[in-house]
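# Need a 3D model of the sequence below.
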Amino acid sequence: MAGHSHWAGIKHKKALNDAKKGKVFTKIAALIYSAVKEGGGPDPDMNPRLRLVLEKGRAANMPKDNVKRAIDKAAGVGGVAYEQNVYEGYAPCGVAILIETLTDNGNRTFPEIRKIMDSRGGNLGSPGCVAYMFTMKGIIVVNAEGVDEDELMDIILEAGAEDMENLGEVYQITTAPDVLLDVKAALDAKEIKTESCEQSMIPSTTVPVEGASVEKVLKLIDALEDHDDVQNVYANYDISDEDMAKFRA
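Residues are numbered from 1 along each chain as shown. Here you go, the predicted structure:
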């Protein structure tokens, strides 16, 4: 998560995704493969993990042919064995950071992640050193245009959501992980368009980052997200929209 709201983090990641669609599609294809192999088969109705990955593919505008190829490949015999790992540590300014990877070679991935951290002012820590600062939540973002706030609140609370925040251009809905897809289904039933639907690690506390430190922190996160085996990077920094815009200018 980036900035003082989760939406700031989503916008940050979306800008990266738009510039690197090919790499993003490759990463999502690996997630699809892993979800089919380990999460319960190629039918999304029977495989919640796959349904979440398909939502991620939809949000990234991944072509349906790419999705089908990934599912068909995973449903075949044999194939690549992926392992999921989470690395923990600190970015500059004491910002806590979680790095989720999906790799076919952990012996290759770990030293590469460590090199990125060391070369950009971060450092990896031992397992558990920052994980306690984060809680898994479901996050749904809805475009606010043409959507009545009170009506939306009624729909999501009835479906089991925990909270909703009006961030101006979007509504950010928070759920427990196990009801995320139920809330999404309730929105779909009312034909309410969602910008994104994902599970995310939300920090309990944040660290203010300002001035020249903004570039140091965000360049580290950019470098991590650019790695082929990195799926998600979560951090507890609080960067203003103004400073974020200056870095992206």
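
# Give me the pLDDT for the closest residue to P63 other than its chain neighbours.
Sequence neighbours aside, F25 is the residue nearest to P63 in space, at 7.8 Å (criterion: C-beta to C-beta, 6 or more residues apart in numbering). For glycine as for every other residue, the C-beta is placed from the backbone atoms N, C-alpha and C. You'll see F25 listed with a pLDDT of 90.

# what do you get for D241?
Value listed for D241 in the pLDDT field: 81.

# and if you look at V86?
V86 carries a pLDDT value of 96.

# Just read off the phi/psi values of it.
The phi/psi pair for V86 (degrees, to the nearest 10) reads phi -120, psi 130.

# what does V95 give?
The phi/psi pair for V95 (degrees, to the nearest 10) is phi -70, psi 120.

# The closest residue to it other than its chain neighbours: how many residues sit nearby?
Take V95 and drop its neighbours on the chain: the residue closest to it by C-beta to C-beta, 6+ apart is Y237, 4.6 Å away. Y237 has 26 neighbouring residues, counting by other C-beta atoms under 10 Å.

# Relative to T194, how far out is Y237?
Using C-beta to C-beta, to the nearest Å, we find Y237 at a distance of 26 Å from T194.

# quick one, what contacts Y87?
Listed by C-beta atoms under 8 Å, 6 or more residues apart in numbering, the contact partners of Y87 are L98, I99, T101, F110, I113, L124.

# Regarding the first one, what is its secondary structure?
Following DSSP: H, G, I helix; E, B strand; the rest coil, L98 is assigned to strand.

# Quick check: it touching V130?
Yes - using C-beta atoms under 8 Å, L98 is in contact with V130, at 6.6 Å.

# overlap in contacts of those two?
E88.

# And the helices in this protein?
Shown for the chain, the helices assigned by DSSP state H span residues 6-19, 21-39, 48-59, 64-75, 106-119, 149-159, 180-189, 212-225, 241-248.

# what about these, which gets the closest to V86?
V86 lies closest to helix 106-119 among the helices of the chain, at 10.7 Å (C-beta to C-beta).

# for the closest one, packing partners?
The helices and strands touching helix 106-119, judged by 3 or more C-beta pairs under 8 Å, 6 or more residues apart in numbering; DSSP states H and E, are strand 83-91, strand 95-103, strand 123-124, helix 212-225.

# mind putting these in CSV, distance to P42 included?
Formatted as CSV, those follow (distance: least, C-beta to C-beta, whole Å):
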stretch, distance to P42
strand 83-91, 19
strand 95-103, 18
strand 123-124, 36
helix 212-225, 28
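
# The ones you listed: which one's closest to S200?
Across these, closest to S200 is strand 95-103 (C-beta to C-beta), at 10.5 Å.

# can you tell me which two in the contacts of Y87 are farthest apart?
Among the contacts of Y87, the pair separated by the greatest distance (C-beta to C-beta) is L98 and F110, at 14.8 Å.

# Neighbour count for these two, which is higher?
Ranked by neighbour count (other C-beta under 10 Å), L98 and F110 place L98 first, with 20 against 16.

# for the more buried one, which residues make a bridge with it?
Beta-bridge pairing of L98 under DSSP bridges involves E88, Y234.

# what sits against it?
By C-beta under 8 Å, 6+ apart, the contact set of L98 is V86, Y87, E88, V130, A131, F134, M201, N232, V233, Y234, A235.

# what's the spacing between the third one and S204?
Distance, E88 to S204, by C-beta to C-beta: 15 Å.

# More neighbours: which of these two?
Remark: of E88 and S204, E88 carries more neighbours, 20 against 10, as counted by other C-beta under 10 Å.
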